[in-house]
Structures are given as structure tokens and as C-alpha cells.
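Visitor: Give me a model of this one.
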Amino acid sequence: MNQNQHLWLSFLQGDKNALSEIFLLYHDDLYRYGLKLAGNESMVKDAIQDLFLKLWKNRSNLKPIEILKPYLFKSLRNHLIDSLELTKPVIPMEEDFEHPFEIAYSAEDFVINTEVTEDLRRQVIDALNKLMPRQREAIYLRYFEELDFETIAGVMDINVQSVRNTLHRGISALRELMLIHPFLLLLGKFLPA
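Guide: Predicted coordinates:
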């Protein structure tokens, strides 16, 4: 049993310190992801607080889990969807109408690479921001949070093949919008073709 599993079990048994440790361990990741989804700092901060309060209140109904980060991501995502539905009762129909979030990329999302010029960085950010919202979210989870396909499927509440298809369409769209090489340089990683 790893440390996170042990923390979760302690939390389920009513240990407030375990909940505090979980909060401290994952707050920054949750905040970044929530900010990408909702774009509203105060909404994200409130949602994270509400999420942990809800977890505490419902701990007797919760089950042991193996990997905590994706569980918390999915919980925050669902909480933000609920919050957005309350504040925006009518969501306009679009091609990607099931996805209420508008993830936007910025220069802070990329590692500083001496081979990359500022102009190139802007081109990549512009291209990423032209993708469909679901594609932007999948790319964020895969390449910035480094989650595997199965975990992304769980977080986004879609099947694994849909994750693969969404990522493939996103990368293909990036290729059409620009050369993929600058994107790879900014990520500092190799993406499969």
C-alpha cells in the first residue's frame, strides 16, 4: 500500500490530519486544472474548498481508491460542471456542446526552452487555443499532467478509445494549424505520431 492509499484510508476512518495532508498534496494540481477548466480563480478556489468539505461529510460512503489524483480531478471537474450549470442555465449548442469548459493555454504552461523563440511560443499557444475544448482538456491531462489514457478517460468520463481519438484529432489539428515541431519543443517531450 502506497502513502496516498494509506492517507485515503486514514481519511475514510475520520482522520482530519489525513484530509489536510491530501489537501496540501493535491491543492496546486487541482487549482491549475480547475483554472484551466473554469478560468475563474474565485470559482476554482471555492470549488476546491467545497470538494474537500463534501469529501469529509460523505467519507462514510466513499470507497478505498488506488490512485488519488485522477479521483480528485474527476471530482473537481464534476463539481465545476455543477457550479457552471447553476450559473449558466442555458449553454449554447456547439459541435462540442457536452463540454462546458474553455481551457486556454498561456506561456506559463510551457517549460522554458532555449531553442524556442517568443514568436514560436505564441504560435503554439494560439494553435492550442484554436482546438475544440475537449481536445484542449485531453492534451492538458496527457502532456501537462502526464496521465495515461485510462486515467484521462476516467477524469473526462469518456471511454479510452474516445480519449485516443480526441488526442489524435487534437494533434492532427495542431499539425494542420502549424508545424508540430514547435509544439514538441515547447513541451520538451516527444509525442507519438
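Visitor: centroid residue for this structure?
Guide: Nearest to the mean C-alpha position of the chain, counting by C-alpha atoms, centre = their mean, stands residue 33 at 4.3 Å.
Visitor: list the contacts for that one?
Guide: 73, 76-77, 140-141, 145 (C-beta atoms under 8 Å, 6 or more residues apart in numbering). Where you see a C-beta, it was placed from the backbone N, CA and C, and this is true even at glycine.
Visitor: now residue 10
Guide: By C-beta under 8 Å, 6+ apart, the contact list for residue 10 reads 17-18.
Visitor: Would you mark the buried spots in the host helix or strand of it?
Guide: For residue 10, the element it lies in under DSSP states H and E is helix 3-12. By 16 or more other C-beta atoms under 10 Å, the buried positions in helix 3-12 come out as 4, 7-8, 10-12.
Visitor: how about the residue nearest to the centre of the chain, secondary structure?
Guide: Three-state call for residue 33 (DSSP: H, G, I helix; E, B strand; the rest coil): helix.
Visitor: what's the distance between it and residue 69?
Guide: Applying C-beta to C-beta, to the nearest Å, the value for residue 33 to residue 69 is 10 Å.
Visitor: what sits in contact with each of the two?
Guide: When contacts are counted by C-beta under 8 Å, 6+ apart, residue 33 and residue 69 are jointly contacted by residue 145.
Visitor: so after the helix or strand that residue 119 is a member of, what's the next helix or strand?
Guide: Using DSSP H and E, the element containing residue 119 is helix 118-129. On the C-terminal side of helix 118-129, the closest following helix or strand by DSSP H and E is helix 133-139.
Visitor: Please compute how far that next one lies from its chain's middle.
Guide: How far helix 133-139 lies from its chain's middle: 9 Å, per C-alpha atoms, centre = their mean, to the nearest Å.
Visitor: Domains in this structure, by residue range?
Guide: Following automatic domain parsing, one gets these domains for the chain: 3-87, 108-187.
Visitor: Please dump the ones you listed into JSON lines; it should also carry mean pLDDT for every row.
Guide: JSON lines is the format used below for these (pLDDT from 0 to 100):
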{"stretch": "domain 3-87", "mean pLDDT": "91"}
{"stretch": "domain 108-187", "mean pLDDT": "81"}
